[in-house]
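Chemist: Model the structure of this input:
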Amino acid sequence: MLRRGRNALAARSKGRAGLSLTGHRPLAPCERMLIETLPTKEKLLRAARTIGARDGLAAVTTAAIAAEAGVAEGTLYRHFASKDDLLIEAYRRLKADVFQRVGEDDDGTAPAERLKRIWRDIYGAYRADADGFVYGQRFAESALAEREGGVAAEPAAVALARLLAQGVEAGLFKALPADLMRSLFWAPIGYLMKGELRGRRWSDAELDAAAEAVVDSWRR
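Modeler: Prediction:
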């Protein structure tokens, strides 16, 4: 379903602001050159994520990764102990890029305002990288997620727990288990992103309303 949704988003995006069928604008020559000059490890990580989002994790073979990255197949093992280790690192890198917005937003503003802004920032990061969202979803639903052990999600879990504690102390948020409150935060992101992958483009007003609903679900 995610693959069909991704294709729908790509088709909807074609012809708008120079976007390509991948849902992103075509790379400029200088950007292609930059990718070509990336360290080999980075090329392998990008290749694995691209194939996983496009074709599913089962399609991410060492041969496919090498072909996508433009390197010899054996090169993978100079940088990773196994293909699974490569996939796990690609997932952790993706989450680190998205979740850094949680920590960066700890600017001393009111907990409710900060919660809403963090939600919008994270949603915006996923919207800007539909391939990343699809790869993350597929990875989380795979057997590799157990081996990954939740390391990728830990920084965001800690930051949201800290924000929750601040809000509870101020008498603003419900004193409920942190894992329950996190689920109320993340669930709308997944739902709305899957809608976009099926071709639904949410307006700023709708996203603001969704973010406010998340805040309301935390409020006392």
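Chemist: Pick out the residue nearest the middle of the protein.
Modeler: Nearest to the mean C-alpha position of the chain, counting by C-alpha atoms, centre = their mean, stands F133 at 4.2 Å.
Chemist: Find me the pLDDT at that residue, would you?
Modeler: F133 is assigned 96 on the pLDDT scale.
Chemist: what helices or strands is the host helix or strand of it leaning on?
Modeler: F133 is part of helix 130-140, with elements assigned from DSSP states H and E. Contacts defined by 3 or more C-beta pairs under 8 Å, 6 or more residues apart in numbering; DSSP states H and E place helix 130-140 against helix 2-13, helix 40-55, helix 83-104, helix 178-197. Yep, even glycine has a C-beta here, placed from its N, CA and C like the rest.
Chemist: The last one: which residues count as buried?
Modeler: Under the neighbour-count criterion of 16 or more other C-beta atoms under 10 Å, helix 178-197 has M181, R182, L184, F185, P188, I189, L192, M193, K194, E196, L197 buried.
Chemist: Contact partners for the fourth one?
Modeler: Read it as F185. F185 makes contact with L115, W119, L160, V214, W218, according to C-beta atoms under 8 Å, 6 or more residues apart in numbering.
Chemist: Kindly recompute the last result at 10 Å.
Modeler: 115, 118-119, 122, 156, 160, 163-164, 211, 214-215, 217-218 (C-beta atoms under 10 Å, 6 or more residues apart in numbering).
Chemist: which among the residues you listed gets closest to R49?
Modeler: When these are ranked by distance to R49 (C-beta to C-beta), I122 comes first, at 18.1 Å.
Chemist: relative to its centroid, which residue of this protein is most remote?
Modeler: Residue farthest from the centre of the chain, counting by C-alpha atoms, centre = their mean, is G171 at 31.6 Å.
Chemist: Identify the residues contacting that one.
Modeler: R220.
Chemist: Tell me which helix or strand it sits in.
Modeler: Counting by DSSP H and E, G171 is part of no helix or strand.
Chemist: try the one 4 residues further on
Modeler: Secondary-structure element containing A175, defined by DSSP H and E: none, the residue being outside all helices and strands.
Chemist: and it, what are its phi and psi?
Modeler: Taking degrees, to the nearest 10, you get phi -90, psi 70 for the backbone angles of A175.
Chemist: any idea how far D55 lies from I88?
Modeler: The gap separating D55 from I88 is 18 Å, by C-beta to C-beta, to the nearest Å.
Chemist: Please identify which of the two sits among more neighbours.
Modeler: I88 (21 against 13; other C-beta atoms under 10 Å).
Chemist: how close does the more buried one sit to A125?
Modeler: As judged by C-beta to C-beta, I88 and A125 stand 20 Å apart.
Chemist: circling back to that earlier point, same list (the helices and strands packed on helix 130-140) but as JSON lines, adding mean pLDDT and distance to G70.
Modeler: Formatted as JSON lines, these follow (pLDDT from 0 to 100; distance: least, C-beta to C-beta, whole Å):
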{"stretch": "helix 2-13", "mean pLDDT": "44", "distance to G70": "23"}
{"stretch": "helix 40-55", "mean pLDDT": "95", "distance to G70": "7"}
{"stretch": "helix 83-104", "mean pLDDT": "88", "distance to G70": "16"}
{"stretch": "helix 178-197", "mean pLDDT": "97", "distance to G70": "28"}
